[in-house]
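Peer 1: could you look at this predicted model? Sequence included:
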Amino acid sequence: MPSVKNAFDKFTGSLSNGLLVAGTTSTLTTTVTIVPVEDGKFKTTLSAITNQAHPTTDFNTGLAFRTMVGGNSVANTPGQGCVVVYGLVAGVVKAVQGPIAALDMQNNFKWDAPQFPDIPTTFVPFAYVIMKARAVDGVSIIVGTTAWASFAQTFVNILELPARPQVA
């Protein structure tokens, strides 16, 4: 049996549930202070935020988030979706976008759940969001720019990043 020390040596995650939710338009809101731990060490916390501006670039690439096309922008076409992971880097909210995946006409992921993106070593995840530009959505989604009300999303607050996204 591993010792308690060994069980937490490599832990990276949030010791509190920040309760991330959609803010107004495309902003972010949490209601609890987020307490991040990186590789077993406490890092800079983030106090609750209300309608904070969403990051406009992917922390992995430094580029704008990739667009997901809503199916209704081309008649009878299924949409696209992905998972976006939110984390703290030096007490600042950052986001990383996973690969874009195809949806079927019933707005389910066509083959499997979307994949998590690579997670940088200095990034402490505290939540992820499954985003879908559905077959009925006429809008293309640009993470951090498109208003939350324009597309479907599921927020999942986490202690640490699971092996795969939960989509149901």
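Peer 2: The structure has been received and is ready for your questions.

Peer 1: CA only for contacts and neighbour counts going forward, please
Peer 2: Noted.

Peer 1: which stretches of this structure aren't confidently modelled?
Peer 2: 1-9, 73-75, 168 (pLDDT under 70).

Peer 1: helices of that one, residue ranges please.
Peer 2: 4-8 (DSSP state H).

Peer 1: how close does T121 get to V156?
Peer 2: With distances taken as CA to CA, to the nearest Å, T121 is found 21 Å from V156.

Peer 1: of the two, which one has the most company?
Peer 2: Taking neighbours as other CA atoms under 10 Å, T121 and V156 compare with V156 leading, 17 against 10.

Peer 1: wait, that one sits on P125?
Peer 2: No: judged on CA atoms under 8 Å, V156 makes no contact with P125 at a distance of 11.1 Å.

Peer 1: what about the residue nearest to L63 when sequence neighbours are not counted, how many neighbours?
Peer 2: In space, and not counting its chain neighbours, L63 is closest to T57: 5.1 Å by CA to CA, 6 or more residues apart in numbering. Residues lying near T57 (other CA under 10 Å) number 18.

Peer 1: residue contacts, T57?
Peer 2: For T57, the contact set (CA atoms under 8 Å, 6 or more residues apart in numbering) comprises 63-65, 95.

Peer 1: what subset of those residues is buried?
Peer 2: 65, 95 (16 or more other CA atoms under 10 Å).

Peer 1: return the member of the contacts of T57 nearest to M105.
Peer 2: Proximity of the contacts of T57 to M105 (CA to CA) peaks at F65, which lies at 24.1 Å.

Peer 1: and the nearest residue to V89 once chain neighbours are set aside, how far is that from T29?
Peer 2: The shortest distance from V89 to any non-neighbouring residue, by CA to CA, 6+ apart, is to F123 (5.2 Å). In this structure, F123 and T29 are 19 Å apart, going by CA to CA.

Peer 1: next one: W148
Peer 2: 12 Å.

Peer 1: what is in contact with those two at once?
Peer 2: By the contact definition CA under 8 Å, 6+ apart, W148 and T29 are jointly contacted by A22.

Peer 1: and the residue nearest to G18 when sequence neighbours are not counted, what is it in contact with?
Peer 2: Excluding its sequence neighbours, the residue lying closest to G18 (CA to CA, 6+ apart) is V32, at 4.8 Å. Neighbour list for V32: 16-19, 47-48 [criterion: CA under 8 Å, 6+ apart].

Peer 1: from those, which is closest to G71?
Peer 2: G71 lies nearest to L19 out of those, by CA to CA, at 30.2 Å.

Peer 1: I figured the closest one hits T33, correct?
Peer 2: No: using CA under 8 Å, L19 makes no contact with T33, being 9.2 Å away.
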